[in-house]
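Participant: I would like to see how this sequence folds:
(chains A, B and C)
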Amino acid sequence: MATLEETNAAIVEGDESLRRRDFINIAAVSFAGVGAVAVALPLINQMNPPADVLALASTEVDISKIAPGQAIKTSWRKQPVFVRNLTPQEVQQANAVPLSELRDPQTLAERTKPGKENWLITLGVCTHLGCVPLGVGEGENRGDYGGYFCPCHGSHYDTAARIRKGPAPLNLMVPEYAFSSDTVVSIG
Amino acid sequence: MSFAWAKPYEPKTELGRWIDDRLPLPRMVFNAVGGGYPVPRNLNYGWNFGVLSGIFLTIQIVTGIVLAMWYFASADGAFNSIEHIMRDVNAGWMMRYAHANGASFFFIVVYIHIFRGLYYGSYKAPREMVWMLGLVIYLLMMATAFMGYVLPWGQMSYWGAQVITGFFSAFPVVGEPIRVWLLGGFAPDQAALTRFFSLHYLLPFVIAGVVILHIWSLHIPGSSNPTGVEVKTEKDTLPFHPFYTAKDGWFAGAFLTIYAAVVFFGPNALGHPDNYIPANPLATPAHIVPEWYFWPFYAILRAFTVDFILPAKLWGVLAMFASILLLFFLPWLDKSPVRSGSYRPMFRIFFIILLVDVAILGWCGGSPATPFFVALSQIAAAYYFAHFLIILPLVSKFETTLPLPNSISESVLHGERAEAAPVGQSAPAN
Amino acid sequence: MGYLLAIPAVVLGFIKRLGWVASIGMLVGVGFAGVLTISLLVNLVGYFQAPPEPTAEEGFHRHPKELALKTDGPFGQFDRQQLQRGFQVYKEVCAGCHSLNLVSFRDLHQLGYNEAEVKAIANQWAIEVPSVNPETGEAATRKAIPSDKFPSPYANETAARAANNNALPPDLSLMAKARHDGPAYIYSLLTGYQAQPAKLLAEFPATKTPEGLHYNPYFANLNIAMPPPLTADGQVTYADQTPATVDQMAKDVSAFLLWTAEPNLQSRHKSGLAVLAFLIIATVLGYLSYRNIWAEAKRKVAPKGALDPENKVKRTRASKKAGIAG
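Facilitator: Numbers count the residues shown, from 1 in each chain, chains lettered A, B, ... in the order given. A predicted model of the protein is given here:
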């Protein structure tokens, strides 16, 4: 049987130089392995968002046309964003809730910009499993707490878009935004 | 499996045994490309191109799957989606250049593989099936490459689709309806692009399937070798692993270095600039050529310029198809009992002429159809057909071959440099 | 008659000797080779009876001039100063007619502009981006933002042709890859405008440049619809004080268009060098490993197979002998 085993046996009985040459085989195979990993990296990385998608990371919204009590739905990074102009009653309602009653305790002030507390800007993505809650359009179901209601699995959000009832774990997320002027908000 | 001394597969671990009893896949791999496949010990580097073709098929499938994640098969969006890949997708330019040049290198490797087979008589009994399955792979590759070239929807893509589907219109009565059916319209458009994309994605997997058959049929008689003398005893062979895995491994590294040099430093050298112009159905490029690997066939197509019984166009199309199909009959055209060209002096001369001839055909196919190139391609195409259909059958009847070595190991013994050379012929005292 | 009857017998004998496949093959081969020979003869006769007329393009079309750029060669990198100058030429000279519809304003970061500068360039771009009036839904335009592509100067192809004497100014994004010797071609074309040579008019009187076209030997058919865009030194005032000669402007805009066509050239060169270095080391290691593994198999002196353990003693003896001889 002329096989590898005999070759190896010869090498094992042989002197140091043979064993050192065996190291070459291990080095070559490990190098090929490193190469395979190096090739895999760009193949995996390509699935990340491309440059044009990342460039759309900010969007500007004109809020001059939103009357108190109204809300609009706009889009940021292809996700819905709710911009709501809260009425004084809604602000009051939100501030009246003790934090201890909340699943994800946050005050309305923490969720808005100072001096602009009537402008509630949140992602329109339910924190449960990603549906779009109702409550923006006229006459839509706004849930038991007068904010938003997610019809998929029945999560109720209050007037500050905080989770009050149902399976969602967190309040509707507030994206990063800034007021470019009194009527224009830049999101992202 | 066909050799009595082939090392049997023995699972080394308990888990290995458990798997082997239920799904003997490791056993299959071991017997195919592992220590269980005895290979003639005298193979030269011409035999490395089989494994290399497999490597390039893998490169094409992997990069292709990645590109398909970003490509839109839309007549309006295809061109821009490719530029999106080139500009904005992470490492997208690398994937796309690797895929586009991978096609060229796949063909380089396969052409060397084919010509190696032609020289060493690898198509002869008992390996006819290996040869014919190889030709099926080659035909599938051509179809896949053509449809892939259409996908960027540049000027050459569009006019390539127009011209190649136009072949079918050469056939009387059924031709035009077939062309319209292939395109799903009267000119290449959305329907053609979408179906080409679908088939371009499908065919590589069909190729992979036929590759398995190709290897399967090869393992029945075992690999041929530079002497063409069949393996007789265990001394004539070495186990595939580690000997040929090591040889294939380092050679693949060397070849991939050349490939990488082109991908990173000359990625458009093998392509045509016109394919960076979006498809325009109203204007043909001044000088329309296919990709380089189709040039010899394109030259044969254009060489027929005179209506003689049949229209010139039909002659061209028939000849182009015939130039590939005739290779299927090669085992029965060349019936010389000696396989290797090294022992067939007359065959070797004509083989060298054939190499030059195909190179000339390629040169003609890539050049504009001036009177000089048309005349040259007519001579070269005539030789191409004469070589396979007239010269080869006659040579195999009348040539005096050189004495063969008694066995592979004997040929190996008379000197490394002359391994493949005839006994006593060109074995220099080294 | 007797001879005629013998023919089938001879043919049959021939077929028998060659085999059916080869016999049919020979017929097919003679057929194709014959038709090719006829084609060749007909062509040759035609060629000598009526040799093709030489064309003006054959004699007067010129290959692009040499153009050396910092991007040449495997170590080549972009010269950002030059790209900024080239961008300025595009903006002030080319952009009036030629779109750049695959390039976004945000890409200008790569030329060395910072966020605010890119925003300002987009905002002040002479052509606005088509949009929709949010009140009425009517077509409108708005100022560009960095994520926009460069807006096209014309609404559509018809408008472009109407404004340019029925010629279509091509998009320039890929121009440097869509022509042979791209950047050199652009440079040569921009600096190649000239009066039609007297020799050309003497040899081919019919090829006088038509009204509205311009003679340029670097253009495929010698007459280009684009009027000379770079006409005078100092047409553009460079921010970096480089003298704006016509030659310099042409070079700079060629370099810029190479960037628009191949923005990843720099990372391609860098990663290419790393990949090549890796592959070369891997190949050398693989080769050493191959030599190592084959060392046993290559020992030709063993008469009964190199790996045969029976021959070990003989092998050792033989290699010792070889060692002495060597």
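Participant: burial count for C:Ile7?
Facilitator: 9 (other CB atoms under 10 Å in any protein chain shown). Using the backbone N, CA and C atoms, a C-beta is placed for each residue, glycine as well.
Participant: ditto for B:Leu355
Facilitator: B:Leu355: 13 neighbours (other CB under 10 Å).
Participant: Tell me where the stretch 51-200 of chain C has strands.
Facilitator: C:129-132, C:139-142 (DSSP state E, counting those that start in this stretch).
Participant: so which of those strands gets nearest chain A?
Facilitator: Chain A sits nearest to strand C:139-142 of all those, at 10.8 Å, using CB to the nearest CB.
Participant: and the closest one, what does it pack onto?
Facilitator: Where contact means 3 or more CB pairs under 8 Å, 6 or more residues apart in numbering or on different chains; DSSP states H and E, strand C:139-142 is packed against strand C:129-132.
Participant: List the buried residues for the strand it packs on?
Facilitator: By 16 or more other CB atoms under 10 Å in any protein chain shown, the buried positions in strand C:129-132 come out as C:Val129.
Participant: check whether it contacts chain A.
Facilitator: No. Taking CB under 8 Å from any CB of the partner chain as the criterion, strand C:129-132 and chain A are apart, separated by no less than 12.8 Å.
Participant: which residue sits closest to B:His99 in space, ignoring its chain neighbours?
Facilitator: With sequence-adjacent residues excluded and distances taken as CB to CB, 6 or more residues apart in numbering or on different chains, B:His99 is closest to B:Thr63, at 4.1 Å.
Participant: Return the list of helices and strands in contact with the top helix by length along chain A.
Facilitator: When chain A is parsed with DSSP state H, its longest helix is helix A:16-45. The helices and strands touching helix A:16-45, judged by 3+ CB pairs under 8 Å, 6+ apart, are helix A:4-13, helix B:92-119, helix B:245-265, helix C:265-297.
Participant: got the angle between the last one and helix B:245-265?
Facilitator: Angle between the axes of helix C:265-297 and helix B:245-265 is 160 degrees (criterion: axes from the mean of the first three to the mean of the last three CA atoms, to 10 degrees).
Participant: Is there proximity between helix C:265-297 and chain A?
Facilitator: Yes. Interface with chain A: helix C:265-297 contributes C:278-279, C:281-282, C:285-286, C:288-289, C:292-293, C:295-296 (CB under 8 Å from any CB).
Participant: quick check, nearest of those residues to B:Val358?
Facilitator: Nearest to B:Val358 among those is C:Leu279, at 30.0 Å by CB to CB.
Participant: okay, now the closest one: neighbour count?
Facilitator: 23.
Participant: Now do the contacts for the closest residue to it other than its chain neighbours.
Facilitator: Distances taken as CB to CB, 6+ apart place B:Thr257 nearest to C:Leu279, at 4.3 Å, with adjacent residues excluded. Shown in contact with B:Thr257 (CB atoms under 8 Å, 6 or more residues apart in numbering or on different chains): C:276, C:279-280, C:283.
Participant: For A:Cys150, grab phi and psi.
Facilitator: Main-chain dihedrals, A:Cys150, degrees, to the nearest 10: phi -100, psi 120.
Participant: residues contacting it?
Facilitator: So A:Cys150 contacts A:126, A:128, A:131-134, A:156-157, A:166, A:168 (CB under 8 Å, 6+ apart).
Participant: would a markdown table of these with neighbour count, pLDDT and distance to chain B be doable?
Facilitator: Putting the contacts of A:Cys150 into a markdown table (neighbours: other CB atoms under 10 Å in any protein chain shown; pLDDT from 0 to 100; distance: CB to the nearest CB, whole Å) gives the following:
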| residue | neighbour count | pLDDT | distance to chain B |
| --- | --- | --- | --- |
| A:Cys126 | 24 | 95 | 28 |
| A:His128 | 18 | 93 | 29 |
| A:Cys131 | 15 | 94 | 26 |
| A:Val132 | 18 | 95 | 26 |
| A:Pro133 | 29 | 95 | 31 |
| A:Leu134 | 16 | 95 | 34 |
| A:His156 | 22 | 95 | 39 |
| A:Tyr157 | 29 | 95 | 36 |
| A:Gly166 | 18 | 93 | 36 |
| A:Ala168 | 24 | 95 | 32 |
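Participant: Of these, just say which sits nearest to chain C.
Facilitator: A:Val132 (21.7 Å).
Participant: okay, now the closest residue to B:Gly365 other than its chain neighbours: neighbour count?
Facilitator: Spatially, and ignoring its direct neighbours in sequence, B:Gly365 is nearest to B:Trp295 (3.1 Å; CB to CB, 6+ apart). Under the neighbour criterion other CB under 10 Å, B:Trp295 is assigned a count of 20.
Participant: Same check on C:Tyr47?
Facilitator: Neighbour tally, C:Tyr47, other CB under 10 Å: 14.
Participant: Which pLDDT does the model give it?
Facilitator: Note for C:Tyr47: predicted pLDDT of 91.
Participant: so what's it up against?
Facilitator: C:Tyr47 touches B:371, B:375, counting by CB under 8 Å, 6+ apart.
Participant: Just confirm it is within a strand.
Facilitator: No. Secondary structure of C:Tyr47 (DSSP: H, G, I helix; E, B strand; the rest coil): helix, not part of a strand.
Participant: interface residues of the stretch 51-200 of chain C facing chain B?
Facilitator: C:52, C:74, C:102, C:107, C:170, C:173-174, C:177-180, C:182.
Participant: out of those residues, which are buried?
Facilitator: Here, 16+ other CB under 10 Å leaves C:102, C:107, C:170, C:173-174, C:177-179, C:182 buried among those.
Participant: Show me these that map onto helices.
Facilitator: C:177-178, C:182.
Participant: So among those, where is pLDDT lowest?
Facilitator: Lowest pLDDT among these: C:Gly182, 93.
Participant: Just the buried residues of stretch B:82-91, please?
Facilitator: B:82-91.
Participant: Touching it from outside, list them.
Facilitator: Residues outside stretch B:82-91 that contact it (CB under 8 Å, 6+ apart) are A:42-43, A:45-46, A:48, A:50-53, B:67, B:70-71, B:92-93, B:95-96, B:151-152, C:102, C:107, C:173-174, C:263-264.
Participant: How about stretch C:155-175?
Facilitator: By CB under 8 Å, 6+ apart, stretch C:155-175 touches B:83, B:276-277, C:90, C:94, C:97-103, C:130, C:152-154, C:182, C:186, C:212, C:225-226, C:257, C:260-261.
Participant: got the contact list for the most centrally placed residue in chain B?
Facilitator: The residue lying closest to the centre of chain B (CA atoms, centre = their mean) is B:Val110, at 3.2 Å. Neighbouring residues of B:Val110 by CB under 8 Å, 6+ apart: B:49, B:53, B:137-138, B:141.
Participant: before we move on, what about B:Ser336?
Facilitator: B:121, B:124, B:344, B:347, B:395-396, B:399, B:401.
Participant: same thing with B:Gly185?
Facilitator: B:191-192.
Participant: Measure how buried B:Val358 is and give me the count.
Facilitator: 19.
Participant: Next, it: phi, psi?
Facilitator: Main-chain torsions, B:Val358, degrees, to the nearest 10: phi -70, psi -40.
Participant: Run through the helices of chain A in chain order.
Facilitator: Shown for chain A, the helices assigned by DSSP H span residues A:4-13, A:16-45, A:51-55, A:88-96.
Participant: that older thread, could you list which of the buried residues of stretch B:82-91 belong to helices?
Facilitator: Counting by DSSP H, the buried residues of stretch B:82-91 place B:82-87 in helices.
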